[in-house]
Each structure stands twice: as structure tokens, then as C-alpha cells.
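Asker: build me a structure from this.
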Amino acid sequence: MPYQFLYPAFCKSCPNSKTNAISGGRRMQFLIPKSFFTKIFSLLVALTIITLSSAGASVDALIDAGEFDQAAASAEGSDHYLNVLISTANTKNLHQHPMWLLLGHYKKSVFLGTNSQVDGADFFLAEDGKFDSQKELHASLAAFFSIKPVEHSKYSAQCRFPARFAWLDEQLNFDTTKLAKEQCKDFESYYEAMDPDSLTVIFPSTHPNSPSSMFGHTLLRVDKKGQTDENRMLAFSINYAAQIDPEEGMFSYTVLGLSGGFPGKFMIVPYYLKLREYAQIENRDLWEYKLDLPQERLRFVLMHTFELAYTYFDYYFFTENCSYHLLSLIDVLNAEDPMTDEFWGWTIPVDTLISMQQRQLLGEGRFYPSIARKIQKRESLLSDEELGLVDEIIGAHVTKEALAQLASLESERQILILDLLTDYLRYYKIDTAEKAVSSKLSKEERMVLLHRSRIKSPSPVLAVEPPGVSPEKGHGTSRVGVAAGLEGDKPFGDIEWRPAYHDDMDSSAGFASNSGLEFMRVKLRYLPDGQDILLQQLNVLNIVSFEPRSRFFRNLSWRANVGWERFQLDADSDASGNFHGSGGVGLSYELSNNMTSLLYAFVDGQLLVSPDYEEHYSILPMANLGYIVEPLLGLRLKLEGSISRSVLGKEVQIGELGLVSSYALSRQTNFRLEARQRILQGARQETVKASLFYYF
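Answerer: Reported below is the predicted structural model:
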């Protein structure tokens, strides 16, 4: 029977109608065939299919044009597979997943909300990807449908961001019939070339004579399958560092390094290049720690390394530095609790080692000495007569005739001398090179090696002992302290805080025993007599580097100090606040091979500035002589004397003699006693103080 379509109308002459009077009109009943509705329904279905097909075609066109933001937006409500992926990702809240935030290096900022620490625009597929993790995720999903290279790259999105693709595939289980997986040949070649078996964290020790290495450094080595100690230098290393123009002066280097003015980049280079740089050129010992991670996660870390190698971060010397971003790479192993969250104010390389150790990621440290330390060890194996012979050979520029003098010695002793000469000549060539070191042997090196080849006995293994404990077992780099003492007959109490890092009287366990480096040390003083609490000291920077001179090394020691301190300039006035800056050079000599025993002398220049005296400033040359000895690990003694006299500005004459003893009660506590006598314009002033420090 036909459908009955009831419609109230007024009709007087409609056929096949039943009429009822309704207010003078008729309610008409129209009879419409069933085929009419079938056609209407089919038409609506067709229009819907056409509309959805057009939307899908529009999404594909936007993807093909590289408009990934717009493609993601257009996919909403369409039948495109991208819509399914985005909807599922939103349901799972993947844009806030810890792993996605790590892969994008997103961090919360006080002023900018959540934003990525990556500063290269080529790292983001969404226009606002740096600041919006959700838009970046949507744009990434859209980009994965394209096989064209993304902007600023020669790779498609899948191959430019293999870690992103792998993780999103794991979360969303991509349907390969709708989103085909590409074969990324370059990544596979890169992976096969490294032939990875494990990762090793490398820590080149601190070296205050290199501004970029004052706090140490960390990098990764990708250990090959079947690797040995002998061929480990052929592996690849992953290093993050500032890209610095060699022409930059010290001032611009400092300013740009503190303000993020240098781009920081991950680089994958042969390990032997970094080994030569740190162990030979910079005289830095190396510590190596195998990273304990599952084999299946190794590939994922290297995927993310590949992603980062094509972009950059702004490099900040104290915060986003080499060690911080190495942690940001390793953090993909534990997305739920990233190590980088521990470092919000400053990042010191040894602290990142400690963080990894606390999470049981590090194996036992292995020590590899620098070439300078090897030379020192070889020197200790020779007698005074043999060392005199070495001096003669070097003084004669290593001639055939000079080497002939070795014939009177037993072959074992000749080997020791020739091995020392080989290391020394290599070191000297590197140390004096103004440009890249040539791999070619010098005439002197060839002559020594030729002479050595005539002795068929093998060289003995050179066992170089590490200088104390490994770095991650040293004291914490931040310090708080309390002290009590007498200045003359007036008692006082001090409380102080130092963010970083180590001074020359802290325990040397895990640190260089011949240097100190402090930043932003603050000291408050309480005077019971007047019930006053005063700012006693704000030391912005304090560096000292004792580089011992010896038969083979003609080093200069140096130091610098900048800050503000309250002290007396003469006996007739009260203590006043003085801005001060000082610096100088000197000579240091190691008096013992068995323990730290340094004799040093410095000549410094000092500038004092204060509104409390009429001339407002004073310029003083200063002579300083001191001795530091560490008879056992953890106990250090220092005797130091200085004299200075102004040559310009306020007339000042100061002599000072001080004795300091420091003893490590534990790894993180230190007790210190100090006694000083100052002579101000002829008047004596004695100070004694006892301090207790805690490191963290």
C-alpha cells in the first residue's frame, strides 16, 4: 500500500480525497508512491559520500602541500584515517604523555607555560609546535602520510623523526594498509655503521685552564658489538656542545655563553677524535661508565639522537649545557621520572653522573689517564741519571747521535726512555700546534720509533693509578656552612651558602687536587655585641689553578676573584664594604710524587672600590706565597702569606699570614679550622674561626 502523507490543506477539487469540513475547509490526504522516498534516501547517501570523499581529498591535498596543521584540522569529522588517529590520540591524551613531552623536549616555564627547549624551527611540524604539544602531535600524524621531504630536511616525516613515529605507532597501532611504513635507508645505514651493543658515558675531568671545561664534560660512546679496550676508539661518540666561532674573544665568549648566544648541537663523530681532544690536547683524564639499559631501548635512544642531530638548542653555560642535554637524551629510557627535572637552576656535569648513579644506570667507573699523566708516570720510573740523559736527547733535538747514548743501557731501560720520548714528542707537537694536529709523524718521532723498533722486547704495561676516587663519589657541588670565631676580642658567627662548586680546601676526593672554582658564595655574619646580622661576603667568582711546573711541563698557574666583601682597610676605621676584583699569574711546583704537596707563588693586581672612603678606590699590587699539603685523602693543610700596598687611590698597606686545616668527616661533611693575622698600617688583627660544612 502507498505511504499516506497527511497534510492539512484547503482543496475543493482534489481527486481521490477524503474530505472533512474543518473551519470551512478540508483536510486533504495525499497518496505518494514508495519509490519517491527511496530515491530521496539514495540521493542523501550519495551527497554524504561525495561530501566525505571531498573532505578526504582535501586532507590529502593539504598533506601533499606540507600544510600539516590545516590537514589535521580538515580531517576532523571526515572518513580519512588521519581523523581516526587524531581522535584516538586525543582520547588517550597522548600530547600530555611523559614520553611525548620528552621527545619534544617540552618543559613547563614560569612565563611561557609549556614550551620546547629545542630552538631550531626545523624540529617542529606545526606552526606553533614549540609551544603546543597537541598541535605538534596532530601535525606529526598528518605528516606521516607524506613521502615528501619535510621543510629544512631531505627526509620525509617518518624518516626525519623515527623515534616519534615508532612511539606513536606503539600507542596507536598504525594500520599499514592506510598508513604505509617507509624504509628509512639513511637511518638504517647510520644504525648499521654504529653496530651498537651498548652505550658508555664518558666524563673528561675538570680542567680550569680551559674556560669551556671548568666543570668537566659528559658525552656518550656507542660501543660496537665485539668491541675491546684496544679498538674502542674506533666507535662513534655522541656529543652535545656549543658551536663557537674560533675568532670569539674571551669577553664575547663569556657573555654569549651565559646568555644563550651560541647554538648547541648534537654531533656524532668518531670517538678517537674526542679522545685526542680531551686526553691529549686538554690534558684531561677520562672516566668511562657503561650505561645499563635494555638492548631493545638502545635503538630508540639512537633514533632520538638522529632526530636531534639535525636541529639545535640555545646553549647556556650554566643550565642547558653539555651534560643537561645528554641527560635529556638518556631520559627517554625513563619518561615517567626524567632526570632533567632535577636541574632547574644550574647543571654541573658531575651532578649528572651522580643522578645517573642514583638511578642505577651506571656501571663501575674505569679510569684512562691523559697523555700528560702518562708522561709523569714514565718520568717517575726513571732514575736521575736516566732523566738527565733524556734532557740531553731533547736538548739536542733528538738526533741519531744523541739517541746513540742509550746503547750503554740495558734494553729494558732503553724501552722506558724511548716510550717516554715518544709520548713527550707527541704531546709537544699537539701542545704547540696552532691548527689541527697532523697525523704525520715528525722527523724526531720517526727517529725515536725507528730506534725503538730495533729492540724486539715488548713495552711493559704502564699502570697509571687514578688520582683518588672516581668523580661521582666525591662531595656534592653545593655547600652550606656555619662558623663561629673571634676577630680580635669580638665574637662572631657566620652562615654561608655556595651553589657551586669546589674550593682548594674542600676534600679532593673525586675532584682535581690542584684547582678551585666557586660561584656566588654568600656569607652572612652575626655580631652578638650589636645584635647585628650583616652581609659579610658575596663572592661572584673565585678561580684558582695550580698547574705544577716540571721537567717536561712549563705551565703557568693563575687565579681570579670578583665580588664584594666587608673588611677593614686600616686599623683606625671600621670594616667597610668593598667591591673587589683581582687576578694574577704564578708558578707552582709539586714537591712529592706520593701525595699532593704544592709550593706556589703569585703576583696579583687588585682593585678595591668603596663609597666609604674619600678616594673611592685603591689599586694594589700583591705578592703571595703558599704551601698546600694533603698527607692523607680528606686532610688538607695550607699555609699562605701575602703582602700588598696601594699605588693609586686610597693609601692601603696590608700584610697577611694564614693557616687553614680542613678534614672531611664524611663524603658530605667537612670541618675546617682557620687562624689568620693581618697587619693593617702597622696594627695587628687576629682572627680564628671553626667551620662545619655540608655538601649536597
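Asker: from now on I want contacts and neighbour counts done on CA atoms only, so please keep to that.
Answerer: Noted.
Asker: residue contacts, His152?
Answerer: With Cα atoms under 8 Å, 6 or more residues apart in numbering as the criterion, the residues that contact His152 are Asp122.
Asker: that one and Met99, how far apart?
Answerer: Separation of His152 from Met99 (Cα to Cα, to the nearest Å) stands at 25 Å.
Asker: same check on Tyr289?
Answerer: For Tyr289 relative to Met99 (Cα to Cα), the value is 25 Å.
Asker: for stretch 465-485, measure first residue to last.
Answerer: Here the two ends of stretch 465-485 are set 40 Å apart, with distance taken as Cα to Cα.
Asker: ok, and what's touching it?
Answerer: Contacts for stretch 465-485 (Cα under 8 Å, 6+ apart): 287, 348, 350-351, 353-354, 357, 365, 367, 369, 491-502, 507-511, 633, 667-668, 687-696.
Asker: give me the mean pLDDT for that stretch.
Answerer: In this model, stretch 465-485 has a mean pLDDT of 93.
Asker: list the buried residues for it?
Answerer: Along stretch 465-485, the positions that meet the burial threshold by neighbour count (16 or more other Cα atoms under 10 Å) are 466-467, 470-485.
Asker: where in the stretch 101-250 of the chain is pLDDT low?
Answerer: Along the stretch 101-250 of the chain, segments meeting pLDDT under 70 span 112, 208-213, 246, 248-250.
Asker: how about a cut-off of 80?
Answerer: 109-112, 207-214, 245-250 (pLDDT under 80).
Asker: so what strands line up beside the helix or strand harbouring Glu686?
Answerer: Under the assignment given by DSSP states H and E, the secondary-structure element containing Glu686 is strand 683-695. Under the criterion DSSP bridges, strand 683-695 sits next to strand 479-487 (antiparallel), strand 669-680 (antiparallel) in its sheet.
Asker: of all those strands, which one comes closest to Pro458?
Answerer: Set against Pro458 and scored by Cα to Cα, the strands paired with strand 683-695 come closest in strand 669-680, at 46.8 Å.
Asker: got a list of contacts for the closest one?
Answerer: Contacts made with strand 669-680 from outside it, assessed by Cα under 8 Å, 6+ apart, are listed as 506-507, 569-571, 652-665, 684-695.
Asker: just the buried residues of these.
Answerer: By neighbour count, with 16+ other Cα under 10 Å, these hold 506-507, 569-570, 652-664, 685-695 as buried.
Asker: only the buried residues of stretch 64-71, if you could.
Answerer: Using 16+ other Cα under 10 Å as the test for burial, stretch 64-71 gives 64, 66-71.
Asker: stretch 128-135 too?
Answerer: Counting neighbours by 16+ other Cα under 10 Å, the buried set in stretch 128-135 is 129-135.
Asker: same check on stretch 665-680?
Answerer: If you call a residue buried by 16+ other Cα under 10 Å, then stretch 665-680 has these buried ones: 667-680.
Asker: equivalent analysis for stretch 187-207, please.
Answerer: By neighbour count, with 16+ other Cα under 10 Å as the criterion, the buried positions of stretch 187-207 are 187, 194-196, 198-207.
Asker: I'd guessed Val522 sits against Arg498; true?
Answerer: Yes: with contact defined as Cα atoms under 8 Å, Val522 counts as touching Arg498 (6.4 Å).
Asker: remind me which residues of the stretch 401-550 of the chain are low pLDDT?
Answerer: Scanning the stretch 401-550 of the chain for pLDDT under 80 picks out 430-439, 530.
Asker: show me where it has strands.
Answerer: All strands of the stretch 401-550 of the chain, identified by DSSP state E, counting those that start in this stretch, fall at 479-487, 490-498, 500-502, 515-527, 532-545, 548-549.
Asker: most neighbours per residue, which of those?
Answerer: Looking across the strands of the stretch 401-550 of the chain with neighbours counted as mean count of other Cα atoms under 10 Å, the highest average goes to strand 500-502: a mean of 22.
Asker: does anything pack onto that strand? Which helices or strands?
Answerer: Counting contacts by 3 or more Cα pairs under 8 Å, 6 or more residues apart in numbering; DSSP states H and E, strand 500-502 is packed against strand 515-527.
Asker: go with 10 Å
Answerer: Contact analysis of strand 500-502 by 3 or more Cα pairs under 10 Å, 6 or more residues apart in numbering; DSSP states H and E lists strand 479-487, strand 515-527, strand 532-545 as its packing neighbours.
Asker: paired strands for it, with orientation please.
Answerer: Determined by DSSP bridges, the sheet partners of strand 500-502 are strand 515-527 (antiparallel).
Asker: so the strand it pairs with versus strand 490-498, what angle?
Answerer: Taking axes from the mean of the first three to the mean of the last three Cα atoms, to 10 degrees, one finds that strand 515-527 is oriented at 140 degrees with respect to strand 490-498.
Asker: tabulate the helices and strands packed on strand 500-502 (TSV), appending distance to Leu418.
Answerer: Formatted as TSV, those follow (distance: least, Cα to Cα, whole Å):
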stretch	distance to Leu418
strand 479-487	47
strand 515-527	32
strand 532-545	31
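Asker: looking at those, which is nearest to Tyr324?
Answerer: strand 515-527 (18.6 Å).
Asker: so that closest one versus strand 532-545, what angle?
Answerer: Computed with the same axes, to 10 degrees, the direction of strand 515-527 lies at 170 degrees from that of strand 532-545.
Asker: centre of the chain to strand 515-527, how far?
Answerer: Averaging C-alpha positions (Cα atoms, centre = their mean, to the nearest Å) puts strand 515-527 25 Å from its chain's average.
Asker: before we move on, what about stretch 510-525?
Answerer: What separates the centre of stretch 510-525 from the centre of its chain is 20 Å, taken as Cα atoms, centre = their mean.
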